[in-house]
Structures are given as C-alpha cells and as structure tokens.
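**Q** Kindly return the folded structure for what I paste below:
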Amino acid sequence: MARGGWPGMGGGNMQQLARQAQKLQQKMTEMQEELEAREYEATAGGDMVTVKVSGKRELTSISIKPEAVDPDDVEMLEDLIMVAVNEALHTAADTMEREMGKLTGGMNMGGLF
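**A** Residues are numbered from 1 along each chain as shown. Just a heads-up that it's a prediction; the model follows:
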C-alpha cells in the first residue's frame with residue numbers, strides 16, 4: 001500500500017472521500033429526523049377506522065366511527081384496526097426507504113435506517 005493512503009490514490013482523494021461520506025452521513029441523519037417527525041395515516045373499512053403513526057413507527061391516534069362498533073361483531077372491529085395500523089406502518093417504512101434511497105443513490109446501507 002502506498003504511503004498515506006490506498007495505492008493509486010493520493011492522500012487528498014481520501015480526505016475528499018471522507019468529507020463526502022461525512023456530508024452524506026449528516027444528510028442521512030437530518031433526513032431520518034425529518035421522516036421520524038412526520039405522521040402517516042391509513043384507514044380501513046371505508047374510513048370506519050382511521051389510525052395515525054409516527055415515523056418512529058409508534059401508534060399516535062385511533063379514530064373509530066360509532067357505526068363501526070357492533071357488540072355482536074367485535075372481531076370485525078379488531079380486524080379493521082389491525083389493517084389500518086399495518087397499512088400506516090407500511091406507508092411510514094416505505095416512505096423512509098424511498099426518501100433515504102434518494103440520498104444514497106440506491107446503495108444498500110444495511111440497517112442504517
């Protein structure tokens with residue numbers, strides 16, 4: 001290996017690469033914070049159940065229309081809540097993956113976000 005860096009690369013190139021990596025890391029951190037601050041919403045059963053989750057994938061709100069509450073069919077209400085929550089969580093995850101992919105140019109950053 002050449003002194004002060006990789007073969008065929010001057011020390012300045014490595015420093016520039018390190019600065020670029022640091023900038024990318026900073027942008028990714030900022031993007032992740034922005035995405036975590038967002039709220040994602042999904043509905044089920046023709047808007048009978050509406051849920052909101054944060055970008056941190058935490059349930060923040062559930063709204064159930066009174067006509068969705070049938071004491072003789074609790075399972076249906078449970079299913080509607082589960083569908084809406086899962087849809088909101090998928091939306092949050094997909095949005096985060098898509099937005100971070102824009103920064104990384106599609107590179108697989110394995111578990112960074």
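**Q** And the pLDDT at the residue nearest the centre of the chain?
**A** Closest to where the C-alpha atoms of the chain average out (Cα atoms, centre = their mean) is Met96, at 2.9 Å. With respect to pLDDT, Met96 scores 88.
**Q** What sits closest to it if chain neighbours are left out?
**A** The shortest distance from Met96 to any non-neighbouring residue, by Cβ to Cβ, 6 or more residues apart in numbering, is to Leu35 (4.9 Å). For the C-beta atoms, the positions are set from N, CA and C on the backbone; glycine is no exception.
**Q** Contacts only, for that neighbour.
**A** 55, 92, 95-96, 99-100 (Cβ atoms under 8 Å, 6 or more residues apart in numbering).
**Q** Please tell me how far it sits from Arg57.
**A** Distance of Leu35 to Arg57, given as Cβ to Cβ, to the nearest Å: 11 Å.
**Q** repeat for Val69
**A** 27 Å.
**Q** what about the strands in this structure?
**A** Along the chain, counting by DSSP state E, strands occupy 39-44, 49-54, 59-64.
**Q** What strands flank the last one, and is each parallel or antiparallel?
**A** Spelled out, it's strand 59-64. Here strand 59-64 is paired, per DSSP bridges, with strand 49-54 (antiparallel).
**Q** coming back round to it: what sits in contact with each of Leu35 and Arg57?
**A** Taking Cβ under 8 Å, 6+ apart as the criterion, Leu35 and Arg57 both touch Ala92.
**Q** so the lowest-mean-pLDDT helix or strand in the chain versus strand 49-54, what angle?
**A** The weakest-scoring helix or strand in the chain, judged by mean pLDDT, DSSP states H and E, is helix 11-37 (a mean of 88). With axes from the mean of the first three to the mean of the last three Cα atoms, to 10 degrees applied, the angle from helix 11-37 to strand 49-54 works out at 150 degrees.
**Q** thinking again about what came up before, wait, doesn't the residue nearest to the centre of the chain sit right on Gln32?
**A** Yes - using Cβ atoms under 8 Å, Met96 is in contact with Gln32, at 7.5 Å.
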